[in-house]
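A.B. asks: Sequence and predicted structure below; questions after.
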Amino acid sequence: MITINGNAAPVNEIAARYTSGGIESSCVRALAQSGARYDYPSVNVLDFELAMRREIVNSAARLLRSGLRFEVFRDSYCNMRYWVRTMDGGFDLRPGAQPSAAVRDIYQNGTAYGTECATAMQIVYFGALIAVVGDAAFDRAFSGISLMNWHKLTRALAETGSMRQFPDYLAGDRRYFANPDVNLLTPEWQGENVIDMGDGSYYGHGVGRLSGGEIIANLNQNRRPASQRGAYLMQSAGRPDFVKLYQMFGR
């Protein structure tokens, strides 16, 4: 159920503004049909969330095509024109570099970068924000960027680093496939951060765009001998605080 400022939302009217079967329309229908209540302070906030979910999916698809390589942190690398590689394998925005241009370079020049899957998720979020709010607003909000793991998340996206249970899971959510009995010789296969692409597939850096079953099969190939526990999709998600982001940008 969707409510706007406490009142039932005109779901058909909202959904009709979007392409039938598209990310926005599908998300509106899923929220409306849910047994949970989703209350938005205004329809503009809902529209902002829908735009972000669409662009998270689009950004994940673009990052997949970019040529970005998978590397563990000790072997990571980046385009030094825009980024400074830190001792722990993360990337800090180079002083004087334009934040939006630095993020866009990853999408356009992906073979110059190598990192692991948590970093890729952050790149996806930044790419989506640029697409929704534009370069100027993004640059004002993110004058400094650090890309690495969930410990270096910008405060604006802090919620994406915490996995929580939700009544429903939607396109654009960050999900996690866990591999509890990972082979100690391949610790990078302990799990896979992914973006729900909204069509039954998931984008994960290093594995590509696959079904849940295919990702589980890949993880299961990297389990300890005689393991009795298989990989699985956790029933939780990392999700931006869309209301907070709207307050930062949407107006």
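C.D. replies: Thanks, I have the structure now.

A.B. asks: For the stretch 51-200 of the chain, just list every one of the helices.
C.D. replies: Assigned by DSSP state H, counting those that start in this stretch, the stretch 51-200 of the chain shows helices spanning 99-108, 117-133, 135-141.

A.B. asks: what's in contact with the shortest one?
C.D. replies: In other words, helix 135-141. 98, 99, 100, 101, 126, 129, 130, 156, 248, 249 (C-beta atoms under 8 Å, 6 or more residues apart in numbering). Just so you know, the C-beta spots here come from the backbone N, C-alpha and C atoms, and that holds for glycine as well.

A.B. asks: cool, the first one as well?
C.D. replies: Contacts made with helix 99-108 from outside it, assessed by C-beta under 8 Å, 6+ apart, are listed as 59, 62-63, 66, 68, 79, 81-83, 93-94, 112-113, 123, 126-127, 130, 135, 138-139, 142-145.

A.B. asks: quick check: angle from it to helix 117-133?
C.D. replies: Put simply, helix 99-108 runs at 120 degrees to helix 117-133, going by axes from the mean of the first three to the mean of the last three C-alpha atoms, to 10 degrees.

A.B. asks: check contacts around the residue nearest to residue 193 when sequence neighbours are not counted.
C.D. replies: Once flanking residues are discounted, residue 193 sits nearest to residue 117: 4.4 Å by C-beta to C-beta, 6 or more residues apart in numbering. Neighbouring residues of residue 117 by C-beta under 8 Å, 6+ apart: 70, 192, 193, 194, 204, 205, 206.

A.B. asks: For these, give me TSV that also has pLDDT and distance to residue 43.
C.D. replies: Below are the contacts of residue 117 laid out as TSV (pLDDT from 0 to 100; distance: C-beta to C-beta, whole Å):
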residue	pLDDT	distance to residue 43
70	95	40
192	96	35
193	96	31
194	97	30
204	97	33
205	96	34
206	92	38
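
A.B. asks: if we can go back for a sec, which one of the helices of the stretch 51-200 of the chain is the most hemmed in?
C.D. replies: Counting by mean count of other C-beta atoms under 10 Å, helix 117-133 has the highest mean neighbour count of the helices of the stretch 51-200 of the chain, with a mean of 24.

A.B. asks: Rounded mean pLDDT for it, please.
C.D. replies: What helix 117-133 shows for mean pLDDT is 96.

A.B. asks: Also stretch 221-232?
C.D. replies: pLDDT averaged over stretch 221-232 gives 93.

A.B. asks: Work out for me the element residue 209 sits within.
C.D. replies: Assessed by DSSP states H and E, residue 209 sits inside strand 208-211.
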